[in-house]
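Engineer: just the structure for this:
(one chain, ligands or ions: 1)
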Amino acid sequence: MLKYPHLFSPIKVGNVVFRNRIFASPTGWVDIKDDCTLGDNAIDYYVEKAKGGAGAVCIGECQVDKPRSPRGNRCIDLLNPFNLFYLGRMADGIKRHGAVASAELSHCGRYGGAAKGPSEGTVDGHPVTAYSTEEIYDIVNNYVRSAVNAKNKGFNMVTIHGGHGWLPEQFFSEYTNQRTDEWGGTREKRARFAIMICDKIHEACGKDFPIEFRISASELSQGYDVDEGIEYAKALDGHADIIHVSCGIHGTLSNDEWQVCAPTMFQEEGALVEYAANIKKEMKHSLVGTVGSISTPEFMEEVIASGKADFVNCARALMCDPYLPNKARAGRDEDIIPCIKCMSCWSSIMTGLLVCALNPRTSREAQFPLVQKAPVAKNVVVIGGGIAGMEAAVEAKRCGHNVILFEKNDYLGGGMHCEEKVPFKKYFRKYLEFQIRNLDKEGVDVRLNTEATPAMMEEMKPDVILACVGSKPAFPPVPGIDGKNVVTAQYAFENPDKLGKKVAIIGGGLVGCELAIFLDMEGLKTDVIEMGKVINAPGLGSQGLAVKRELRRRGMEVTFNATASKITDECLYYMQDGQEKLIEADTVIVATGQKPLDEEAFAFAPYAPEFQMIGDCSSVANILNAVKNAYTIARDL
Ligand SMILES: Cc1cc2nc3c(=O)[nH]c(=O)nc-3n(C[C@H](O)[C@H](O)[C@H](O)COP(=O)(O)O)c2cc1C
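Structural biologist: Numbering: from 1, shown residues only. Now for the predicted structure:
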């Protein structure tokens, strides 16, 4: 008997059978060439999700109307004849592994380079003009031509992107559609564009060819609300076979509610499920999918079993582990790489090569085969059991080497360990537990409470030393910084109860801001000062925005352009605009970055024929860097 019987119950829609209820939600912008055709990495990336067991795999952002809807050049063009060969390979690859292949038909309307939409208006201050009726019919026709091309190349479903502020939603919303002709003026008329697309695709591709329609249940503050969203879903009932319910708009940068589209670590698992459940209650014909921070099989099962939705769509969880469905089906939940919602993926999409912080294979599947064995087994010593050390040890062992991991503390996880009590870091905790299990399962010889020394290495004579000794806090030269009331961010994360009632944090980077949110949750009055003008989140812009949004939601502000000038027993003083100001604080917390422990690592260099420094000790960065660095070096041994 399966552990998750509802999740893995097959279902037929039209003439298409889905082997389970897990859909790989569209995730575009992966390796698209300059002429908007698919690169090999894109094909491997999506096919991997089919291999991993998803019921359906949707290829993201296929623009149906390139002349009017270019959004960068990183969207798939279904109408480009040079793409047909690659689309065929893609559909074949996905279906060969048992999944349904879907192509997302996308048009960003007013947010595209042509700056045209249902009605006149402005986007981020730039003017937008309105389509003529003729143009609207032409666009509908392009949706249909794109669907027909997708079907002809082997796709067995299409997903119309009618949410997140894209064109069908622009027609739904009075905010972007003030037309008074047959396309606007009433809800019924505003729904006409979406319904026409569905009906005409069914006419051209057959009634049995399933159409999934992605809708935003609400545009939140900047458009229609949930009640109106339900009306549009009802209008589509029976026209689309599956209503895939998301929420929010991400067309314009000036509105940070786009983050709702991909709920952040500050939101709960399944943050958008209730929207789908409400729409599901109203459906007479169409099935319903839900999306948004759905990452554990237990939760997926609960959603399907409770009847809140018929399908769960997962984007980040399957980027992190495309084999999640197969592992869940086999009851091997503990082997699933848990997405930590760090937003590295989101931050990377505009670069054209997607990354996942915890899965270095994502969008590089051919470069890194799932299993790799080293030609010669070596004796490898890993020094340091933080993120980099654990990953290096696990991967080196998987490649067939003999691995000993030395960790001077009585715990693994290094700097990340201190965030154990932080509620919104529960995903990180899961990841640490996952890696600790992997070390055990792979049989790595882990020696806790053991500080590796050069003398030990001289005696052991390993073939390889991997120094993963990490970093230490960098303290700015501020008078009073060595006072008893000054602590590190790590200490503050571990001991929120020992900081008094009021704290001041020096440093508005991710660490400082996340700490501020945590301490606010703990009931401490928390102030943050930052030298720069913005939250300092290099390489992780999207997480910076998530933090900013959460600070605002909690009524907190970072004081920018502020440089610490002096610390006393009661206050943190800082300079801003040439004036000295102060914050009263029981404790001052230093979160001004880390310094690599490079000298400590260099000391081991002479003691093995192969020596590498990995993670923070080589270059202080983030978890993405630590994992990738460790994984690739371990594979090269
Ligand atoms: C890196 C990335 C790329 C995405 N690309 C697309 C896309 O091409 N089309 C789309 O409709 N949604 C896209 N999304 C949104 C996802 O399909 C999904 O709605 C969102 O991430 C929430 O699901 P999750 O919590 O499972 O990640 C993307 C999300 C991410 C993180």
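Engineer: quick check: next helix or strand after the longest helix along the chain?
Structural biologist: Ranked by number of residues, the top helix in the chain under DSSP state H is helix 133-152. Next along the chain after helix 133-152, taking DSSP states H and E as the criterion, comes strand 157-162.
Engineer: residue 125 - how many residues pack around it?
Structural biologist: 6 (other Cβ atoms under 10 Å). In short, each C-beta sits where N, CA and C put it, glycine included.
Engineer: please identify the buried residues of the longest helix of the chain?
Structural biologist: Using 16 or more other Cβ atoms under 10 Å as the burial criterion, the residues of helix 133-152 that qualify are 136, 139-140, 142-151.
Engineer: wasn't residue 218 part of a strand?
Structural biologist: No - counting by DSSP: H, G, I helix; E, B strand; the rest coil, residue 218 is not part of a strand but coil.
Engineer: how near is it to residue 247?
Structural biologist: As defined by Cβ to Cβ, to the nearest Å, residue 218 lies at a distance of 6 Å from residue 247.
Engineer: for residue 428, same thing?
Structural biologist: Taking Cβ to Cβ, one finds residue 428 at 25 Å from residue 247.
Engineer: more neighbours: which of those two?
Structural biologist: Comparing residue 428 with residue 247 by other Cβ under 10 Å, the one with more neighbours is residue 247, at 25 against 22.
Engineer: got a list of what the more buried one touches?
Structural biologist: If a contact means Cβ atoms under 8 Å, 6 or more residues apart in numbering, then residue 247 has 163, 216-218, 220, 260-261, 272, 275, 292 as its contacts.
Engineer: name the member of these with the most neighbours.
Structural biologist: residue 216 (29 neighbours).
Engineer: doesn't residue 249 make contact with that residue?
Structural biologist: Yes - assessed by Cβ atoms under 8 Å, residue 216 is found in contact with residue 249 at 6.8 Å.
Engineer: any common contacting residues for these two?
Structural biologist: Joint contacts of residue 216 and residue 249 (Cβ under 8 Å, 6+ apart) are 164-165, 169, 261.
Engineer: within reach of the ligand, which of these are there?
Structural biologist: Counting by Cβ under 6 Å from any ligand atom, residue 261 from the shared contacts of residue 216 and residue 249 sit close to the ligand.
Engineer: tell me which of the shared contacts of residue 216 and residue 249 is nearest to residue 123?
Structural biologist: residue 165 (10.0 Å; Cβ to Cβ).
Engineer: how far away is the closest one from residue 132?
Structural biologist: 22 Å.
Engineer: higher neighbour count, these two?
Structural biologist: Ranked by neighbour count (other Cβ under 10 Å), residue 165 and residue 132 place residue 165 first, with 28 against 10.
Engineer: quick one: the more buried one and residue 219 touch, right?
Structural biologist: Yes - under the contact definition of Cβ under 8 Å, residue 165 touches residue 219, with a separation of 7.3 Å.
Engineer: and for those two, which residues touch both?
Structural biologist: By Cβ under 8 Å, 6+ apart, the residues touching both residue 165 and residue 219 are 248-249.
Engineer: is the ligand within reach of stretch 302-309?
Structural biologist: No - legend: contact between stretch 302-309 and the ligand by Cβ under 6 Å from any ligand atom is lacking; minimum distance shown is 12.5 Å.
Engineer: tell me the buried residues in that stretch?
Structural biologist: 302-304, 308-309.
Engineer: cheers, nothing more for now.
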